[in-house]
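Trainee: pasting the sequence and the predicted model now:
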Amino acid sequence: MSDDSPAGTELRFPKDFLFGVATSSYQVEGGIENDWSEWERQGKLHDANTRCGRACDHWERFYDDIPRIVATGSRAYRMRIEWARVEPERCRWDDAAWEGYRSRVQALSQAGIRPIITLHHFTHPTWFHEATPWHEKSSLVAWRRYVTRCAEMLCGIDVGIVTINEPMVFWLAGYITGFFPPGLKDARRGFWALAHLAEAHVIARDAFSSRTPRADCGIAQNVLAFAPARRWHPIDRALTRLANSNYNHAFLEALTTGRLRIQMPGLVSGSATIDGAERAMDYVGVNYYTRAHLKFQRRSPFLAFEYIDRHQRDLTDIGWEYYPEGLGQMLRQMKQYGRPIWITENGLDDRLGVRRSQFLFEHWQQVLSAISAGINVTTYLHWSLFDNFEWLEGFGPRFGLYHVDFDTTARTPTAALAYFRQVAESGVLQKP
Ligand code: FCB
C-alpha cells in the first residue's frame, strides 16, 4: 500500500473493528511480590539495582485511569490478573484482591471498555517454581485452581481472554537462556514446560467456556518476521525457515492440531500430544514488534540473531528494527489458522515521543492492507497505555501513549495520543 490513498477513497477500518490498549499487571500496578521481584533482588536485571516497586501505581489509581483509557478512544483494555496477588501463598486466596479485580473489571465494562484479561504474563507467585514448576504436571493442578477461580470471578461479564502471553518467550527466557525466572538452562525440561503451557491453555478455555461462554479464548503469540542475514547463504535461509516454523508457528499449531512439535537440531527436539487442543483457539493473538535477521556462524552458538537497520529508518530506542512490513507478513501467515486475528500487542519504544504517530500510521496501513486481502483482523491493542516497567531493561524504555514520570507517577498524554484517538474513534486512517 502506498502512503497516499487514491483521491476520493478513504482508508477505513471495518465498522466493528476494535481498538484498545494493553498493559500487564506487574509492569504497571505496583506493590507486587512475586518471582520477578525476587529476581530483581537477586540482581538479575540489566541494572542490578533496578526495582519495579510501585511501577505506575496503577492498582491504586485504577479508577482514575479509566477516563485516561477512554480518552485514547479505546473500546478495549487488555490487563492481567496477577496470580501472586490473588494467591500469595499456595492454596490461600486473598479475597480482597479477587474483589479488587472484579470491581475494576466491572468498572471498565460500565465505562464501555471491553476487558481483555490475561491469565499468564511471565510472572508467578513466589511459591510456584519450587512447588509446582511448569515442567512438572503438578503445575496444571495449581493452574486449574487459579483459572477456575478467575472464571468464577469474571462470570457474567463480557470479557475476552488471553490465556498465555508469549509462551515461546517465556520458554526461551525461562528455560533456555535463563534470563527470566525460573532461570533454568534445561532444554528437556523446557520442552515439557512448553507442552504444559499448551495444556494450560486448554484447561483455561474449558474453565471459561462452562462459566462465561461468550469469553473468546486465545493466546498472545510473540511473532518475529525472520529473515536471513545473507540472502544468498543456504544455511542462513534454512535457519530462517526453522525459526519461523518453531518460534512463530509450533505453539499455534499445537492449539490447532493437538500436537506440539519442536524441531531445533542441536538445541531441542520433541513431540507431545496435547489433549483437547485441536481447534482450541477462538482467535489468533499476535504480538508484533520487529524483524530479526539470522546468521549461521562456525562457533557456538551457531545461530546469531541481530536487528539490522536494513532500510536506514533508524532502529527503535530499544534497538529493534523498525519494520512495519513485518506485521503484514505475519498477518498473512496467520491466515492459515482460519480464526479471527487479534493484534494483542504492537508498539514502539520512543523515548523522545517523536515517532509513535508515524509508527501507528505505518502499522495500521499494514493492517488495512491485510484486511483488504481478505484476512480477518478484528482487533488492535496498542502496547502500551503507559510507559511502564520493562522486564530486563527497567524504566528506560517508553512504550506509552501516556508519558509517566516515575518519580511522581504523573501521567501526561504524548503527542501520539490524539492521533490514536482520532483514528480509533473515526475508523478512518489519515496521515498523522
Ligand atoms: C512483549 C511483552 C510485554 C512488553 C513488550 C514490550 O514481549 O509481552 O510485556 O514487555 O514486549
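Mentor: Received the coordinates, thanks.
Trainee: which stretches of this structure form helices?
Mentor: Secondary structure of the chain by DSSP state H: the helices cover 25-28, 35-41, 58-70, 83-86, 95-110, 128-131, 138-154, 167-171, 187-211, 234-243, 250-257, 325-334, 356-372, 415-426.
Trainee: quick check: which of those is nearest to residue 349?
Mentor: With Cβ to Cβ, the closest approach to residue 349 among the helices of the chain belongs to helix 356-372: 9.7 Å. Backbone N, C-alpha and C define where each C-beta goes, glycine included.
Trainee: is the closest one anywhere near the ligand?
Mentor: No. Judged by Cβ under 6 Å from any ligand atom, helix 356-372 and the ligand are separated, with a smallest distance of 13.3 Å.
Trainee: what mean pLDDT does that helix have?
Mentor: For helix 356-372, the mean per-residue pLDDT is 98.
Trainee: C-alpha coordinates for that helix, CSV please?
Mentor: What follows is the C-alpha trace of helix 356-372 in CSV, where atoms were taken according to Å, rounded to 0.1, in the frame of the first residue of the first chain:
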residue,chain,number,x,y,z
ARG,A,356,4.9,7.0,17.6
SER,A,357,2.2,8.6,15.4
GLN,A,358,4.1,7.7,12.2
PHE,A,359,4.7,4.2,13.6
LEU,A,360,1.0,3.7,14.2
PHE,A,361,0.1,5.0,10.7
GLU,A,362,2.5,2.6,9.0
HIS,A,363,1.5,-0.4,11.1
TRP,A,364,-2.2,0.4,10.6
GLN,A,365,-1.6,0.6,6.8
GLN,A,366,-0.4,-3.0,7.0
VAL,A,367,-3.5,-4.0,8.9
LEU,A,368,-5.8,-2.4,6.4
SER,A,369,-3.9,-3.9,3.5
ALA,A,370,-4.2,-7.4,5.2
ILE,A,371,-8.0,-6.8,5.7
SER,A,372,-8.4,-5.8,2.1
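Trainee: tell me the residue of the stretch 1-150 of the chain that sits nearest the ligand?
Mentor: residue 24 (5.1 Å; Cβ to the nearest ligand atom).
Trainee: ok, that residue touching residue 165?
Mentor: Yes. The criterion here is Cβ atoms under 8 Å, and residue 24 meets it with residue 165 at 6.9 Å.
Trainee: what parts of the stretch 301-432 of the chain come near the ligand?
Mentor: So far as Cβ under 6 Å from any ligand atom goes, the stretch 301-432 of the chain lies against the ligand at 345, 383, 390-391, 399.
Trainee: who wins for most neighbours among those residues?
Mentor: residue 399 (26 neighbours; other Cβ atoms under 10 Å).
Trainee: can you tell me which residues contact residue 98?
Mentor: 86, 149, 153 (Cβ atoms under 8 Å, 6 or more residues apart in numbering).
Trainee: next one: residue 423
Mentor: Neighbour list for residue 423: 13, 19, 73, 360, 364, 429-430 [criterion: Cβ under 8 Å, 6+ apart].
Trainee: show me the contacts for residue 353.
Mentor: For residue 353, counting by Cβ under 8 Å, 6+ apart, the contacting residues are 398, 403, 414-416.
Trainee: switch the cut-off to 6 Å
Mentor: 414-415 (Cβ atoms under 6 Å, 6 or more residues apart in numbering).
Trainee: next one: it from residue 365, what distance?
Mentor: Using Cβ to Cβ, to the nearest Å, one obtains 21 Å as the distance from residue 353 to residue 365.
Trainee: and the stretch 151-300 of the chain, which residues reach the ligand?
Mentor: So the stretch 151-300 of the chain meets the ligand at 165-166, 169, 222, 287 (Cβ under 6 Å from any ligand atom).
Trainee: on that earlier part again, what sits in contact with each of residue 24 and residue 165?
Mentor: What both residue 24 and residue 165 touch, as defined by Cβ under 6 Å, 6+ apart, is the set residue 121.
Trainee: how about the contacts of residue 98 in a markdown table, adding pLDDT?
Mentor: Shown next, in a markdown table, are the contacts of residue 98 (pLDDT from 0 to 100):
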| residue | pLDDT |
| --- | --- |
| 86 | 98 |
| 149 | 98 |
| 153 | 97 |
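Trainee: who wins on neighbours among those?
Mentor: Ranking the contacts of residue 98 using other Cβ under 10 Å puts residue 86 first, with 22 neighbours.
Trainee: please name the nearest non-neighbouring residue to that residue.
Mentor: residue 97 (4.7 Å; Cβ to Cβ, 6 or more residues apart in numbering).
Trainee: can I assume that neighbour is in contact with residue 84?
Mentor: No. Using Cβ atoms under 6 Å, residue 97 is not in contact with residue 84; the gap is 9.4 Å.
Trainee: quick one: which of the two has more around it?
Mentor: It is residue 84, of residue 97 and residue 84, that has more neighbours when counted by other Cβ under 10 Å, with 23 against 17.
Trainee: pLDDT below threshold where in this protein?
Mentor: Applying pLDDT under 70 to the chain picks out residues 1-9.
Trainee: hmm, try it at 90
Mentor: 1-10, 210, 212-214, 264-268, 299-302 (pLDDT under 90).
Trainee: ok, residue 307 to the ligand distance?
Mentor: 14 Å (Cβ to the nearest ligand atom, to the nearest Å).
Trainee: cool, and residue 240?
Mentor: Residue 240 is 21 Å from the ligand, by Cβ to the nearest ligand atom.
Trainee: what about that residue, how many neighbours?
Mentor: Look at residue 240: counted by other Cβ under 10 Å, it has 21 neighbours.
Trainee: wait, isn't it in contact with residue 228?
Mentor: Yes. Proximity of residue 240 to residue 228 meets the contact threshold set by Cβ under 6 Å, at 4.8 Å.
Trainee: coming back round to it: tell me which of the helices of the chain is the most buried.
Mentor: Highest mean neighbour count among the helices of the chain (mean count of other Cβ atoms under 10 Å): helix 25-28, with a mean of 25.
Trainee: output that one as CSV, nothing but the C-alphas.
Mentor: In CSV, the C-alpha atoms belonging to helix 25-28 read as follows (Å, rounded to 0.1, in the frame of the first residue of the first chain):
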residue,chain,number,x,y,z
SER,A,25,-0.2,-6.3,36.0
TYR,A,26,3.4,-6.5,37.1
GLN,A,27,4.6,-3.8,34.7
VAL,A,28,2.1,-1.2,35.9
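Trainee: what's the offset of that helix from the middle of its chain?
Mentor: 13 Å (Cα atoms, centre = their mean, to the nearest Å).
Trainee: over to stretch 31-45?
Mentor: 20 Å.
Trainee: ok, now stretch 389-400?
Mentor: With Cα atoms, centre = their mean, you get 15 Å for stretch 389-400.
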